Each structure stands twice: as structure tokens, then as C-alpha cells.
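A.B. asks: Sequence and computational prediction follow.
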Amino acid sequence: MDFPERIYTSEEVAKARKLIQRGYRHQLKAEGSPDFRDKTRRALSLVKLAGYNDFLRKHIRRIVEIDGLTQLREADATIWANKYAVQDPVDAASLFVQKANHMKEYLEAKLYFGGAAETRSVRKRIEFLEALKRKSSEREVKEDCERLLKSWYESVFF
């Protein structure tokens, strides 16, 4: 069974969910300028280091450079990201994990947007940053994780 090209109808969502449950993983692709692809690959290497590669590949098919606002395109299992979203590899990696959590909830037919859903996805992002901080041996990555965690803890009410 092939993964649906679009994930829009209830049948397509059910098919995608069933395939993921059976172990389907996307061959994640980054599309855009060479600089965008390089920065995205660096962020993806951090996702892998933190142990979230499987989670991301379950839910996200592509990361595509755009000139607009960074967003998840649920029907395509695609993250549209502008060049600014990938400037900081640690922040970009945590953003990708957050968007993957949105996609997970979309496929589970949960309310994946709004206050409570945003809180759940930000918690996933924080969980990722804590894992990356623990697993990385790079001082700069650890410092970036600490800076971002501080920012998230100061701005989010749990």
C-alpha cells in the first residue's frame, strides 16, 4: 500500500495513520536553495542526534523553502519554511519536531490547532530541546538549547 499523495479526506487520513502504525517512514526531503538545504540538513542531524528522527519521518514528508510564513501543510505532510526559520539549526530542529507533533495530532484526528494543541506541541519542542542538550557533546549546541529552553519556559504557561 502506497502512502497517499494528499492527506485530506478521512479515507486518506485513515490510510496514512494505518501505514504509519505498520512502520511506514518517509524519506524526508529538503527542497530549496543550496543554502536552505544545507541548513536544513544540519538541523535534521540534530533531530537524529536527539533521537527524534523516527518521530519526524513518521509524520513529515518534505521541508520546502518558501518566501512566506513558515507553516505546516497538513494535506501534504510538508513543512513550508522560509530562510529565516533555518538560520539557527537548534531552533530549526525544535521547530521541525513541533510541526511533526502537529501532524501527528492531525493524523490522530485530534484538535491539532488552538491553545491546548499549541501547548502540547510546545511541550514536545521543549522535550526535544532537553533531549538534545543531554545528548550533544557540542558546547554551542548545549548553550543554544539552554537559551531556547529559557525563552520557552519564560513565555509559556504550563
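C.D. replies: Perfect, I can see it now.

A.B. asks: Could you tell me how many residues sit around Ser10?
C.D. replies: Using other CB atoms under 10 Å, Ser10 is surrounded by 8 other residues. Any C-beta I mention is one placed from the backbone N, CA and C, and that applies to glycine too.

A.B. asks: let me fix that: Ser137
C.D. replies: 7.

A.B. asks: what's it sitting at in phi/psi?
C.D. replies: Dihedral pair for Ser137: phi -100, psi 0, per degrees, to the nearest 10.

A.B. asks: Just list the residues touching the residue of the chain positioned farthest from its centre, thanks.
C.D. replies: Distance from the C-alpha centroid of the chain, by CA atoms, centre = their mean, peaks at Met1 (24.7 Å). Shown in contact with Met1 (CB atoms under 8 Å, 6 or more residues apart in numbering): Lys15, Lys18, Leu19.

A.B. asks: What segments of the chain are helices?
C.D. replies: Along the chain, counting by DSSP state H, helices occupy 10-21, 34-50, 53-59, 89-107, 115-135, 139-155.

A.B. asks: So which bits of the first one are buried?
C.D. replies: Within helix 10-21, the residues that qualify as buried are Val13, Lys15, Ala16, Arg17, Leu19, Ile20, counting by 16 or more other CB atoms under 10 Å.

A.B. asks: what's the closest non-adjacent residue to the last one?
C.D. replies: With CB to CB, 6 or more residues apart in numbering as the criterion, Ile20 has its nearest non-adjacent residue at 5.1 Å, and that residue is Lys58.

A.B. asks: what do you get for the fourth one?
C.D. replies: Nearest non-adjacent residue to Arg17, counting by CB to CB, 6+ apart: Leu107, 4.9 Å away.
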